[in-house]
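Undergrad: Here is a sequence together with a model predicted from it:
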Amino acid sequence: MLSAWVAVILYFLITIAIGWYSFRKQKTQIDHWTGGRELGVMDVGLSLSAGFMSVSWSCVYAVQLFYWYGIGAFWIITFPWLISLALIYRLSTKYRGLKAFSQPEMVGDKFGSKSRKVVALSLAIVFLVWGGAEIYVAASLLSAELNINTKAVMILITVVIGIYLTFGGFRAVIATDKLQYVLVAVYIIVVAILAIKGLKKTPGFLPDAFITSTKTSVSWISIFSPGITIILLTLIAYLPGWIYEADLWLRVQAARDVSTARKGVFIGALNGLIFVGIIPMFIGVSALELYPVTDGGYSQIIGFEGDAIFSALIQDYAPAWLRMLLSVGLVAAAMSTIDTCVNVMGLSIAYDYFHDKKQSTNVSFQKLITSLSVFAALLFAMFIDSLWDIFYLSSGILSTAVAFPVASVFIKRVNPKGIFYSSVFGLTGTIIFYFLESRGLLNFIEPDWLIKSSVGFILWGFFSAAVGYMFGKLQSRSQNISHSE
C-alpha cells in the first residue's frame, strides 16, 4: 500500500514539473491553447494515441464490449476508430491549411459568430462528459489499491491535473501524453500477460466456441454478434462525430506542417488497432473463460457488467510489487485523457464561446477557465453510473451538432442560418430525445428493433438537426423576400 502511494505521488510530481516547464516555454497569449503549433511527428502520433488509450476506452469500455459480445465488438469500438483516423489522415491536408486553429473558429470564420458559439458549447458538453467519465473510472479502479475512498481519489487526480494543466496548457498536455503513452502501453500489455497467466490455469486456453457472449445468445466467435441494428446505429452515432472530433483535430492543427500531421495520424491509427482492438479483444474474450457469467449474473469481482475486468486480473494474478507499478500505469491512463478533455472544454469556452470578448486573449482568464473546467469534470464524475449511456449520448451530440457544421466549412452553397439552427436543434434534440427514450416515453412511436437498441435517440437527434437546417434556410429565404420588397 505504501509503495503504491510512493509511486503515484512521484508520478504526480513529475507531471507537475512538466506543467511548470511547459508554462515557462509559452511565448504568446495564444500559446496556452496551441502549444506554438510546432508539434513533431512523435508529438502528434503519441499524443493522439494517449488520448484514446485511456482508462474508460481501452482499459474498461473496449474490454467490456468484447466481454459482452465476443469478437463482434470490433464493429462497435475498433472499426469506428480506424475509419475515423483514416479519414482524418485524408482530410488533414485541407484543414491544416486553414488559419483557424479550433473547429468552432473554422465554423465561425465561414458561418458567423453565433454558429461558432453553439458548436463551442456542444464541444464543451461532450468533453465535460468524457473527462468526467475518465475521472470516475480511474477512481473506481484505483481506490482499492490506495485504500482510500473513491471520491477522494477523484479529487486527488483532479487537483494534480488542474495544477499542471492550468500552468502548462496544451503544451503540457502534449508533453505528459508522450510519457503517459509509454506507461499506458506497458500497463495494457502487462494485463494481457496476466490474462495469459490465468488462462494457463484453466482447462481450455480460450473459451469453447459454444460459449455465448454475455449480451446475446450467439457464440463469442460470431463476427456480427452485437446484431446488425446495433452495429449500424453505432456507426451512424459515432462516425460523423469522431471524424471531426476536436481533440484529434487539435493535434493535426498544432503540427508543424501537413506531412508531420499525416505521419502522426498514421502512428495513432496503428496504436488504435493494437490498443483499442487486438489487445482489448484478447483480454475481454479471456475474461469469458476466467470470469464466466452464471445464472446469478456477473461475477462480483469484475464489477458492474464487467467494468472491473482489469482490476480483477491484477488482483488475482499480479504479485504485490507489480500491482504497485501498475497503479502508476492506471493513473497515467486516466490523466492522459482527462487533461485532453478538459483542455478542449476550456478552449471551447474561453477561446471560442467568449471569442468576441476582450478577456478571451487574456492569459489569466484562460487559466481561470481551465481551472473551472477541471472542477466541472470532477463534479460530473460524482454522478456517473453508466459508460454505455454517456458515450453514446456524447458521441451523438458530436455527430448531430458538430460534424455537419465543421464538414460544411468546405461545402459550397451551405446556408449560414441553416448551419446555426442545425447545430442548435441537433444539440437540444439529442439531449431531449435521450431523456425521453431512457424513460420509455418513445416506446409508442418507435419500432421494436429501435427500442431494443437503446440508441434510437441519436436518429431523432439527426432528424432534429435536419429540421433545424430547413428552418434556418426558410427563415433566410423569408428575410430575403422581405428585404427585396
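TA: Received, thanks. Residues are numbered from 1 along each chain as shown.
Undergrad: Residue 42 and residue 268 touch, don't they?
TA: No: under the criterion of CB atoms under 8 Å, residue 42 makes no contact with residue 268, lying 11.0 Å away. Every C-beta, even on glycine, is put in place using the N, C-alpha and C of the backbone.
Undergrad: quick one: which of those two has more around it?
TA: Taking other CB atoms under 10 Å, residue 42 and residue 268 do not tie; residue 268 has more neighbours (25 against 14).
Undergrad: got a list of what that one touches?
TA: Residue 268 makes contacts with 44, 45, 48, 49, 52, 85, 248, as judged by CB atoms under 8 Å, 6 or more residues apart in numbering.
Undergrad: any idea how far residue 267 is from residue 292?
TA: Residue 267 sits 37 Å away from residue 292 when distances are taken as CB to CB, to the nearest Å.
Undergrad: neighbour-wise, which of those two wins?
TA: Just comparing residue 267 and residue 292: by other CB under 10 Å the higher neighbour count belongs to residue 267, 18 against 12.
Undergrad: Next one: that one from residue 49, what distance?
TA: Taking CB to CB as the measure, residue 267 and residue 49 are separated by 7 Å.
Undergrad: Equivalent analysis for residue 441, please.
TA: Here the distance between residue 441 and residue 49 works out to 41 Å (CB to CB).
Undergrad: quick one, which of the two is more surrounded?
TA: Here residue 441 and residue 49 are compared on neighbour count by other CB under 10 Å; more neighbours surround residue 49, at 27 against 11.
Undergrad: With adjacent residues omitted, what lies nearest to the more buried one?
TA: With sequence-adjacent residues excluded and distances taken as CB to CB, 6 or more residues apart in numbering, residue 49 is closest to residue 271, at 3.8 Å.
Undergrad: my read: residue 422 touches residue 469, true?
TA: Yes: in terms of CB under 8 Å, residue 422 counts as a neighbour of residue 469; the distance is 3.9 Å.
Undergrad: who has more neighbours, the two?
TA: For residue 422 versus residue 469, the count of surrounding residues by other CB under 10 Å is larger for residue 422: 29 against 23.
Undergrad: Which helix or which strand is home to that one?
TA: Taking DSSP states H and E as the criterion, the element that holds residue 422 is helix 416-438.
Undergrad: which helices and strands does that helix pack with?
TA: With contacts defined as 3 or more CB pairs under 8 Å, 6 or more residues apart in numbering; DSSP states H and E, helix 416-438 has these neighbours: helix 103-111, helix 113-146, helix 387-397, helix 404-407, helix 456-484.
Undergrad: ok, 10 Å please
TA: Helix 416-438 makes packing contacts with helix 103-111, helix 113-146, helix 387-397, helix 404-407, helix 448-453, helix 456-484 when contacts are defined by 3 or more CB pairs under 10 Å, 6 or more residues apart in numbering; DSSP states H and E.
Undergrad: Distance to residue 236 and mean pLDDT for these - can I get that in a markdown table?
TA: Compiled in a markdown table, the helices and strands packed on helix 416-438 are given as follows (distance: least, CB to CB, whole Å; pLDDT from 0 to 100):
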| stretch | distance to residue 236 | mean pLDDT |
| --- | --- | --- |
| helix 103-111 | 20 | 90 |
| helix 113-146 | 17 | 85 |
| helix 387-397 | 9 | 75 |
| helix 404-407 | 13 | 89 |
| helix 448-453 | 11 | 79 |
| helix 456-484 | 7 | 83 |
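Undergrad: Reformat the ones you listed as a markdown table; add distance to residue 93.
TA: Converted to a markdown table, these look like this (distance: least, CB to CB, whole Å):
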| stretch | distance to residue 93 |
| --- | --- |
| helix 103-111 | 15 |
| helix 113-146 | 22 |
| helix 387-397 | 26 |
| helix 404-407 | 15 |
| helix 448-453 | 36 |
| helix 456-484 | 27 |
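Undergrad: Quick one: closest of the ones you listed to residue 333.
TA: With CB to CB, the closest approach to residue 333 among these belongs to helix 113-146: 7.3 Å.
Undergrad: Tell me the buried residues in the closest one?
TA: Counting neighbours by 16 or more other CB atoms under 10 Å, one finds that the buried residues in helix 113-146 are 114-146.
Undergrad: Same check on stretch 88-95?
TA: With the criterion 16+ other CB under 10 Å, stretch 88-95 contains buried residues 88, 89, 91, 92, 95.
Undergrad: Just confirm residue 166 contacts residue 158, I think it does.
TA: No: in this structure, residue 166 is not within contact of residue 158 by CB atoms under 10 Å, at 11.6 Å.
Undergrad: which residue is nearest the centroid of the protein?
TA: Centrality entry for the chain: nearest residue to the mean C-alpha point is residue 130, 5.3 Å, by CA atoms, centre = their mean.
Undergrad: thought that residue was touching residue 334?
TA: No: with contacts defined as CB under 10 Å, residue 130 does not count as touching residue 334, sitting 11.8 Å away.
Undergrad: Listing request: residues of the stretch 151-300 of the chain with sub-threshold pLDDT.
TA: Along the stretch 151-300 of the chain, the parts satisfying pLDDT under 70 run over 204-207, 209-210, 212-213, 295-298.
Undergrad: so where do the helices sit in it?
TA: Assignment of helices within the stretch 151-300 of the chain using DSSP state H, counting those that start in this stretch yields the ranges 228-243, 246-254, 258-273, 279-290.
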